[in-house]
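Novice: Curious how this folds, go ahead:
(chains A and B)
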Number of protein chains: 2
Amino acid sequence: MSENIEREPATPTGGLSRRGLIGLLGAGAAGLAIGATGGALTATAVSKQQADATVHPFYGAHQAGITTPVQDHMQFASFDLADDATAEDLQSLLQDWSYAASRMTQGLDVSASGAVGGSPLAPPDDTGEALGLPASALTLTFGVGPAVFDSRFGLASKKPALLEDLPAFVGDALDPLSSGGDLCIQACADDPQVAFHAVRNLTRIAFGRARLRWSQLGFGRTSKTTSAQATPRNLFGFKDGTANILADDTSALKKHVWAASAESPAWLAGGSYLVARRIRQTIETWDRVRLEEQERSVGRDKAHGAPLSGGDEFAEPDFEATGASESTAIDANSHVRLAHPDMNNGIRILRRGYNFVDGNDQLGSLNAGLFFLSYQRSPEQFIAIQKKLSTDVMGEYLSHVGSGVWAVPPGASSGSYIGAGLFS
Amino acid sequence: MSENIEREPATPTGGLSRRGLIGLLGAGAAGLAIGATGGALTATAVSKQQADATVHPFYGAHQAGITTPVQDHMQFASFDLADDATAEDLQSLLQDWSYAASRMTQGLDVSASGAVGGSPLAPPDDTGEALGLPASALTLTFGVGPAVFDSRFGLASKKPALLEDLPAFVGDALDPLSSGGDLCIQACADDPQVAFHAVRNLTRIAFGRARLRWSQLGFGRTSKTTSAQATPRNLFGFKDGTANILADDTSALKKHVWAASAESPAWLAGGSYLVARRIRQTIETWDRVRLEEQERSVGRDKAHGAPLSGGDEFAEPDFEATGASESTAIDANSHVRLAHPDMNNGIRILRRGYNFVDGNDQLGSLNAGLFFLSYQRSPEQFIAIQKKLSTDVMGEYLSHVGSGVWAVPPGASSGSYIGAGLFS
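Specialist: Modelled structure (predicted):
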């Protein structure tokens, strides 16, 4: 890094950089907007319906969107930095994104001049489709991929040793066009229009510095992070996320989710690692499988999500209990057993996945499945479990078509920005 | 039609046909399920969280989902009848769909044996992902396309003269794989998982009789059908649907929406015609257009949706009022003017469109836009307005990539089924 970068004050709350404004407005209009002192219409003229709206703080020790009560909708996006992007570009982009995120998560427009702009002769800063909508519990969570630490930005010395592209797994059928990426944004909200609006405007801000690589809309959260949330169901019709790590389980979060300096660089302490997997489910085949076999694959009953060894949804599975025949009640290759901490040296991960439906193919088969997201203290946790799942009976009905891993910096304090630790 | 069809009682409330059960379970399992007297788990064992859930009646003079207060989410699906499908297949499919829709719209499983089935040795009737979810205001609206009246089913004499494939329009870039179809289902709900669940299970029921041709998930309703609903915004950031026909405007519905025997066959009276258009918006270009030009294209201001001739959102546009220069305040080629009843011999349509986002292309451009849906007494209403829009300034930022038109039968009375009039 240059001295210049280190001397730059980290003050995203001061507004967007000139590069960010050019992204929003175009090079010609940016000067116009900067020069404008405000037209007849301003963003403040547009009332926001904020009553009853959940607002999550943007600044804090950890980024929001990890332990936050899982919202109903998600827009995920992966970005590639421009071929000619510099370390300064990366830094200013993270500053601009933090500034914009600190506003949008509070239900505000992307910048102070808003959706109706500073001048009728310039494009408005904000695209406007969330005007009048409340914050809708929006969280924006940013990640940095392995390639950011190559020779391009002088950040090799900051690279987390654990941050490597994931190895190949059984069931992989990865499409490079829905895998990887230098940076990622997870937008979660209770209104998909609010989540989409955030990603769209952050994409605009990145213009010239980073470009949208792939993106995914999701609904029907397939996990929960508070005991008050009902366990949702995935597209196989089963409850998903019963045994997830909950937001109030501080010791489990410390042990399994938050990156720590024992094995991660200091700048990442209090952050995490995010794994995304786009998992297509072969819906039509699954739907022809008899109930008994569906339940054997999962290891839980379909109605209540209880382990097949007995009890209710939250009963601990008993992998030794015998079933009707001589075998165990819970199949040795069932999903619940292979993914269970007891089979994985106590390893746990925090899941935040969503269902997705992207139309159908020419044969009438649904292009649908699970957009799996997990946060963990080390990618090794995901890798170990996913390797264990190589004999998962349920895997017969899954294809992993997208994949990515990112380091998720800790939260920013007010006046700073996400990823500031990379540049100090 | 054969005598046999006419003699068959129309009693979809009695349960699914054997063909429908084969669709759900497969040919081998269907006999098993029919023979089963119920396993340890039954659908009734699964509690439904119906408190506070809006439930719309399925039976009635008109199909639900037309004037129903527009829900927040939509799953649309178009189907092709099988090459060897008979008139009996079409009739039994409409009966089975009606039976299943009469259940799912009330928050019930697709059939009485539900998501955990009648036997563990058979696939469950219901796929289960909506277990525990309330009805969520689900409506299911069925349509019949022009090709159903060709020589295949002996229905030529029933064909509505108005039901023809739409003509080509300026801005068309139609993909046949997201256009047309013999039958369509519009599922609207306040929860996308509930809407998807309905279409998925109706698709399964159709197995062997009809196959999914294309489908579309939508969110962020871009219209309203009651004055209590706030006007939503489309992905151009503008309010959309301000001047829609409202559910309590009985005379406008009669004049513009409900098919009548003056020009439609008797079996369609009280029904309507549905036009669907998948309209991709060139988001990135629009976002670089200055506010003044965006507003000129639409003919309304961005903040409040008021016509540029003055007043509030609901003020009548004054197309003669002069603007700052010598031209009119509302541009002659603005969207609001060209689509206005005053420019179209008083023609109005009832819109029920949704925003859609289907990821992005390899250049990073969003594959997003408006899934336009409109109901009208005659497709000629849509055709006239769409022709008028050929000089629409906003059209520069739109590509129509999908299209379809269907006759929407009137509602069914309890004990009958949607489309019964086709077979009597």
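Novice: Pull the number of nearby residues for A:Gly359.
Specialist: 17 (other CB atoms under 10 Å in any protein chain shown). Where you see a C-beta, it was placed from the backbone N, CA and C, and this is true even at glycine.
Novice: Report the secondary structure element holding it.
Specialist: Element membership of A:Gly359, judged by DSSP states H and E, is strand A:354-360.
Novice: Can you give the contact residues for that strand?
Specialist: A:73-74, A:216-222, A:234-235, A:278, A:366-371, A:373, B:75, B:129, B:178, B:192-193, B:196, B:212, B:214-217, B:358-359 (CB atoms under 8 Å, 6 or more residues apart in numbering or on different chains).
Novice: Just the C-alpha atoms of the following helix or strand past it, please, in CSV.
Specialist: Per DSSP H and E, strand A:354-360 leads on to strand A:366-376 as the next helix or strand towards the C-terminus. Backbone C-alpha positions of strand A:366-376 (Å, rounded to 0.1, in the frame of the first residue of the first chain) are rendered in CSV as follows:
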residue,chain,number,x,y,z
LEU,A,366,-38.0,-26.3,-12.3
ASN,A,367,-34.7,-24.4,-11.9
ALA,A,368,-35.1,-24.2,-8.2
GLY,A,369,-33.2,-25.1,-5.0
LEU,A,370,-31.4,-23.8,-2.0
PHE,A,371,-29.0,-20.8,-2.0
PHE,A,372,-26.9,-22.1,0.9
LEU,A,373,-25.1,-19.5,3.0
SER,A,374,-23.0,-20.3,6.1
TYR,A,375,-20.8,-18.3,8.4
GLN,A,376,-17.9,-19.9,10.2
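Novice: Just want the angle from strand A:366-376 to strand B:354-360.
Specialist: 70 degrees (axes from the mean of the first three to the mean of the last three CA atoms, to 10 degrees).
Novice: and after strand A:366-376, which helix or strand comes next?
Specialist: Where DSSP H and E defines the elements, the next helix or strand beyond strand A:366-376 is helix A:379-388.
Novice: tell me what that next one is packed against?
Specialist: Based on contacts counted as 3 or more CB pairs under 8 Å, 6 or more residues apart in numbering or on different chains; DSSP states H and E, the elements that helix A:379-388 packs against are strand A:272-281.
Novice: For the very next helix or strand once past the strand it packs on, buried residues please.
Specialist: Using DSSP H and E, the helix or strand that follows strand A:272-281 towards the C-terminus is helix A:283-286. The neighbour-count check on helix A:283-286 (16 or more other CB atoms under 10 Å in any protein chain shown) flags A:Ile283, A:Glu284, A:Trp286 as buried.
Novice: And for stretch A:134-144?
Specialist: For stretch A:134-144, by 16+ other CB under 10 Å, it's A:Pro134, A:Ala135, A:Ser136, A:Ala137, A:Leu138, A:Thr139, A:Leu140, A:Thr141, A:Phe142, A:Gly143, A:Val144.
Novice: Not counting sequence-adjacent ones, nearest residue to the fourth one?
Specialist: In this structure, A:Ala137 finds its nearest non-sequential neighbour in A:Thr54, 4.0 Å apart by CB to CB, 6 or more residues apart in numbering or on different chains.
Novice: for chain A, what spans make up the helices?
Specialist: All helices of chain A, identified by DSSP state H, fall at A:3-7, A:18-25, A:27-35, A:87-104, A:192-205, A:250-256, A:283-286, A:291-298, A:335-338, A:379-388.
Novice: Out of the ones you listed, which gets nearest to B:Leu121?
Specialist: helix A:291-298 (6.1 Å; CB to CB).
Novice: Check which residues of that closest one are buried.
Specialist: Neighbour-count burial for helix A:291-298, with 16+ other CB under 10 Å as criterion, is recorded at A:Leu291, A:Gln294, A:Glu295, A:Arg296, A:Ser297, A:Val298.
Novice: Now narrow these to whatever sits close to chain B.
Specialist: The overlap between these and the neighbours of chain B (CB under 8 Å from any CB of the partner chain) comes to A:Leu291, A:Gln294, A:Glu295.
Novice: In JSON lines: these, plus pLDDT.
Specialist: As requested, those are arranged in JSON lines below (pLDDT from 0 to 100):
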{"residue": "A:Leu291", "pLDDT": "97"}
{"residue": "A:Gln294", "pLDDT": "97"}
{"residue": "A:Glu295", "pLDDT": "97"}
